[in-house]
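Trainee: Let me see the structure of the following:
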Amino acid sequence: MNNELKSHPVLNHQMIDECGVLVVDVNSMPVGERPFQSDVLVIGICMEGSATFHYDMQPTQFVKHDVAITLPQHIFTYSSTSYDYKAILIIIAQNMFKKLIKRQSFVDYKKYHYRPSHHLTQEQFSKISDIVRVLKFVSETFHPKREETIENLLDLFFYTYTYYRGDSVESVTKAHRSEQLFSLFYDLLLANYNKHHFVTWYAGQLNLSPKYLSLAINKATGKTANQWIAIVITEQAKKLLRNREDMTVQQIAFELGFRENAAFCRFFKDNTGLRPSQFRHT
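Mentor: Predicted structure coming up:
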């Protein structure tokens, strides 16, 4: 995790690394203007009340009986929680995440990049909650088969949740072409947003025309490739402006791959309505 990054305190819990999974009850979120980012997989299960936040710049509401699966490297800014807010967080460490992506239950995990949450019925929520209770018990119990049991319970969770989401078995084993392209594009974007700002470069890396790539991404996510590039750069800019007071606006511009400070300021204002210096002091 980057040094400038702010994180929810529970994401740094020692048990996450000890057994690969932490299941914890929460009744609050780090509400405020500062965005934070996690390098672990987080599953949120809303038991009561609601929370509002921005997920990669998109306003989102998390309500009772919602389940959200958020992959590493996405950026959050929490706005508010209701007085009766209660949730369960399942935090999955990097080593466990790497094991998960090789398992059949999680093979199409990248769909959660752009559709992270789903609302369950009362019956569905009850069954998911039963799995989570057993997972919590096992994660807090020391025995030789703990890790193996946790992996099997996570399989059960993801198979069940995939079924409730309406994702067919075929889509789990063979993602739609547009979704596959988005996943490849998004991985490239996270690794290169501070060096390459244009669709042309990403399309070239994937041996596609810019038009075809943008149409495929729009089909999969409802947003164009240019919009995703702007989202990632803007959120990273916000993070640096809020959390790196030791950096000037010009230094941040160069860090994000802008050759001229003026170009960065225009970009930021076009996407937020504020100049970088204004945003930093709001």
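Trainee: okay, now the domains of this structure?
Mentor: Domain assignment for the chain, taken from automatic domain parsing, gives 9-173, 177-280.
Trainee: now the chain, which segments are flagged as low pLDDT?
Mentor: The chain contains residues with pLDDT under 70 at 1-19, 30-35, 57, 104-108, 110, 114, 167-176.
Trainee: can you give me the strands in it?
Mentor: 21-26, 36-37, 41-48, 50-55, 58-63, 66-70, 75-81, 86-92, 117-119 (DSSP state E).
Trainee: Does the first one pack against any helices or strands, and if so which?
Mentor: In this case it means strand 21-26. Packed against strand 21-26 by the contact rule (3 or more CB pairs under 8 Å, 6 or more residues apart in numbering; DSSP states H and E) you find strand 86-92, helix 122-139. C-beta here means a position set from N, CA and C on the backbone, and glycine is covered the same way.
Trainee: Could you say which of those is packed most deeply?
Mentor: Of the helices and strands packed on strand 21-26, the one with the most neighbours on average (mean count of other CB atoms under 10 Å) is strand 86-92, at a mean of 20.
Trainee: That strand pairs with which strands?
Mentor: strand 21-26 (antiparallel), strand 41-48 (antiparallel) (DSSP bridges).
Trainee: Give me the neighbour count for the closest residue in space to Val138 that isn't next to it in sequence.
Mentor: Ranked by CB to CB, 6 or more residues apart in numbering and with sequence neighbours excluded, the top spatial neighbour of Val138 is Thr149, at 5.1 Å. By other CB atoms under 10 Å, 17 other residues sit near Thr149.
Trainee: I'd guessed Thr149 sits against Phe137; true?
Mentor: No - judged on CB atoms under 8 Å, Thr149 makes no contact with Phe137 at a distance of 10.0 Å.
Trainee: mind listing the helices for the chain?
Mentor: 14-19, 94-100, 122-139, 146-165, 169-173, 177-192, 199-205, 210-221, 225-243, 249-255, 261-272, 276-280 (DSSP state H).
Trainee: helices or strands next to the longest one in the packing?
Mentor: Right, helix 146-165. helix 14-19, helix 94-100, strand 117-119, helix 122-139.
Trainee: tell me which residues in that helix are buried?
Mentor: Using 16 or more other CB atoms under 10 Å as the test for burial, helix 146-165 gives 146-147, 149-151, 153-154, 157-162, 164-165.
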